[in-house]
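Engineer: Dropping the sequence and predicted coords here.
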Amino acid sequence: MSENLQRFLWTAYDRLGGLVGYNLLWSALSLPWIGGAYALLQLGFGLGGLGLVGAAVLAGALLLGAPATAVLFAAGAAWARGRDFGLRDCWAAGRTLFWRALALGLLMVAAVALVLANVVFYQRIGGWLGVFLGGLMVWFLLLLGMVAVYVFPVLVTQEGSVWSTVRHSFLLSVDNVKLSLIFLLSAGLALGLGVASGVGLFCGGLAAWALWISVGFRALLPKYTGQPLPSEAPRRLRELIRPWEA
């Protein structure tokens, strides 16, 4: 994990302008989704308590499920492999992936909404049965989150159908539980810090999270291919302090 973190930090340093630029593009293309998430949060603040938690979870799913998020992952996948990702690549990725990304995003949001509705329903039943079924739905929601963090990385690297993307994402999540939980936690942190800062979510925060997931996702390849990742020349802190000597 430390090696992945180091690779992520250096890649983010090298691609800082791209992180900010593509994140701003994501913000412009995702205005309907941002507006929907804001409306959900406003509704949640009015409800308070568990209503606020549910609204925040659904708002987060809506933001991360925007089709333009797939473009951030396409950029992250390219950068994690040491490749450039220009505007022509961005346009090609958006045109190729849009409809599948839209379907996957809507599927994720619908699944989260359905589970949250079940939690509310079972809570109203009361008794031990309601507590048991409600708790079961919470665990199912956690599994949904673990699957969701793989959906766009799988889509942009394999370019399969919606069903094959979901299936591969599910298999990856259950085969890498610890990493899946780390990815899911990082999604919550990215959204939380982005909203708290006011501008971080729109000025590089979400693109940085997509890069982090892409770096970790690439690190899984040797587990399934049996071939190690290409070696990279070690880099030192001196490059940050005196980059003209690198």
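Structural biologist: Structure received. Numbering: from 1, shown residues only.
Engineer: I'd assumed L102 was in contact with P67.
Structural biologist: Yes: with contact defined as C-beta atoms under 8 Å, P67 reaches L102; the gap is 4.6 Å. C-beta: built from backbone N, CA, C; applies to glycine.
Engineer: ok, the two, which is more surrounded?
Structural biologist: For P67 versus L102, the count of surrounding residues by other C-beta atoms under 10 Å is larger for P67: 22 against 16.
Engineer: From D84, how far off is that one?
Structural biologist: 23 Å (C-beta to C-beta, to the nearest Å).
Engineer: so who does the residue nearest to the spatial centre of the chain touch?
Structural biologist: Here the mean C-alpha position of the chain is nearest to the C-alpha of V149 (C-alpha atoms, centre = their mean), at a distance of 4.9 Å. When the contact criterion is C-beta atoms under 8 Å, 6 or more residues apart in numbering, the partners of V149 are S173, S180, F183, L184, A187, I213.
Engineer: From those, pick the one nearest M108.
Structural biologist: A187 (11.7 Å; C-beta to C-beta).
Engineer: Name the surrounding residues that touch the helix or strand hosting that closest one.
Structural biologist: Applying DSSP states H and E as the criterion places A187 in helix 177-197. Contact with helix 177-197 is made by 1, 60, 63-64, 142, 145-150, 172-173, 200-202, 205-206, 208-209, 212-213, 216, 220, as judged by C-beta under 8 Å, 6+ apart.
Engineer: Filter these down to just the ones in helices.
Structural biologist: 60, 63-64, 142, 145-150, 172-173, 206, 208-209, 212-213, 216 (DSSP state H).
Engineer: What is the neighbour count of G65?
Structural biologist: G65 has 25 neighbouring residues, counting by other C-beta under 10 Å.
Engineer: Report the residue spans of this protein with pLDDT below the cut-off.
Structural biologist: 1, 231-246 (pLDDT under 70).
Engineer: In it, where's the longest helix?
Structural biologist: helix 87-125.
Engineer: tell me the contacts of G204?
Structural biologist: L16, L19, V20, N23.
Engineer: so the second one is in which element?
Structural biologist: Right, the one you point to is L19. helix 16-29.
Engineer: Alright, I will stop here.
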